[in-house]
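**Student:** 3D model of this:
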Amino acid sequence: CRLVDDLLLRPFKQCPALKELRRETERLRDEAAEPLFERVRKHGEQLLELPDGWMRPEDGRAAWFGCQLSHTMADRDEADESIACRMVGPFREALSRFEDQENYEDRGFGDPLTREVALPILRR
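**Tutor:** The predicted model follows:
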């Protein structure tokens with residue numbers, strides 16, 4: 001991307017020259033999220049009264065995706081009662097921050113009106 005006023009508002013995928021920066025950002029985000037997913041996994045084992053280490057390391061991340069899917073397929077109260085959402089419940093706010101960052105990297109801020117509103121805020 002050229003250096004333009006709204007560079008902060010462009011998603012990484014619109015800037016092929018930033019491919020290395022995108023890879024490094026994704027790596028750092030995933031690295032930061034792993035301890036959180038490990039806590040989700042351990043919480044799930046306690047919640048389900050499973051022996052320590054019974055769930056696989058990736059099950060914490062799978063629970064997060066499962067909870068998102070539950071919210072897509074059911075009403076909020078019903079989704080919140082799913083095993084996946086009960087596993088991630090105490091960590092939902094922190095996980096949402098990672099999701100927000102990933103959404104920005106993939107899509108930026110969306111439509112032009114949103115960009116006009118967001119740019120002055122980001123500049124401060």
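**Student:** got the contact list for the residue positioned nearest the centre of the chain?
**Tutor:** Centroid check for the chain by Cα atoms, centre = their mean gives Glu99 as the closest residue, at 1.8 Å. Contacts for Glu99 (Cβ atoms under 8 Å, 6 or more residues apart in numbering) come out as none. For every residue, glycine as well, the C-beta is placed using N, CA and C.
**Student:** show me the shaky parts of the chain.
**Tutor:** Along the chain, segments meeting pLDDT under 70 span 1-18, 104-116, 118-120, 122-124.
**Student:** for the lengthiest helix in it, packing partners?
**Tutor:** Secondary structure assigned by DSSP state H gives helix 19-47 as the longest helix of the chain. Counting contacts by 3 or more Cβ pairs under 8 Å, 6 or more residues apart in numbering; DSSP states H and E, helix 19-47 packs against helix 59-73, helix 83-88, helix 92-107.
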